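Participant: this one's structure only:
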């Protein structure tokens, strides 16, 4: 939802500003959303939590174990179910806010239904938290240390000489690069992960950076 700076600020004052964070898992969406929620009073809506709760999973780790890796038996069916659940959860989350709100989307929001993405584009101011080259290695290490449910969307490629885990390592950067392009297309504004994760930047600094250009 394209806004002028004046409209952005007016909506904020009127308690009707709806901001959606998009970007990779572990890039800083939840951290930034929590900071703005605590300091500026935004309602924080976390789509990940809605999804794994709908499956009856006790935690994100349980959800990741359920979905499995792209080489796991039955992964394609679980991936399709996960996308459907994400579309439902995101649609539900977008219909809820009655005040200033931040929607903490999943990393795979770009694979949700066309209807969900159209509603996101029409009714939410979309902020892309972008990943740098240095982030790619950090995200890769984080993914293997603390696996999260991941939609591969046909980006998992394995050669005859590779083990499944070796193929994960070589395929993951390609998946991230593809996602960055998709996030950029959806976004109204882009801020870097380095900026939002820098502890020297206050919540007010970050909020100012989200605003449209003057």
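Facilitator: Sure, I can see it. Keep in mind that what you see is a predicted model, and the values were worked out from it rather than measured.
Participant: just so I have it, where are all the strands in the chain?
Facilitator: 18-22, 43-46, 101-104, 125-130, 189-192 (DSSP state E).
Participant: got TSV for these, with distance to residue 59 and mean pLDDT too?
Facilitator: C-beta coordinates here come from the backbone N, C-alpha and C atoms, glycine included. Putting the strands of the chain into TSV (distance: least, Cβ to Cβ, whole Å; pLDDT from 0 to 100) gives the following:
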stretch	distance to residue 59	mean pLDDT
strand 18-22	21	97
strand 43-46	13	94
strand 101-104	16	96
strand 125-130	23	97
strand 189-192	29	96
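Participant: So which of these is nearest residue 92?
Facilitator: Closest to residue 92 of the strands of the chain is strand 43-46 (Cβ to Cβ; 9.3 Å).
Participant: Tell me which of the strands of the chain sits nearest to residue 112.
Facilitator: strand 18-22 (10.9 Å).
Participant: quick one, the lengthiest helix in the chain and strand 18-22 angle?
Facilitator: As assigned by DSSP state H, the longest helix anywhere in the chain is helix 164-186. Orientation of helix 164-186 against strand 18-22 (axes from the mean of the first three to the mean of the last three Cα atoms, to 10 degrees) gives an angle of 150 degrees.
Participant: buried ones in helix 164-186?
Facilitator: Applying a neighbour-count criterion of 16 or more other Cβ atoms under 10 Å, one finds 167, 168, 171, 172, 175, 176, 179, 180, 182, 183, 186 buried in helix 164-186.
Participant: Pull the residues that contact it.
Facilitator: Contact partners of helix 164-186, identified using Cβ atoms under 8 Å, 6 or more residues apart in numbering, comprise 22-24, 69-71, 107, 110, 117, 120-121, 126, 128, 130-131, 136, 139-140, 143-144, 152-153, 155-159, 162, 190.
Participant: same thing with stretch 47-63?
Facilitator: Against stretch 47-63 from outside (Cβ under 8 Å, 6+ apart): 66, 82, 85-86, 88-90, 92-93, 103-106, 109, 146-149.
Participant: switch the cut-off to 6 Å
Facilitator: Contacts of stretch 47-63 with the rest of the structure, by Cβ atoms under 6 Å, 6 or more residues apart in numbering, involve 85, 86, 89, 90, 93, 105, 106, 149.
Participant: Of those - the most surrounded one?
Facilitator: Ranked by the number of neighbours (other Cβ atoms under 10 Å), the contacts of stretch 47-63 place residue 105 first, at 29 neighbours.
Participant: Please report phi then psi for that residue.
Facilitator: phi -80, psi 170 (degrees, to the nearest 10).
Participant: and stretch 63-80, how far from the chain's centre?
Facilitator: Centroid displacement of stretch 63-80 relative to its chain, using Cα atoms, centre = their mean, to the nearest Å, is 19 Å.
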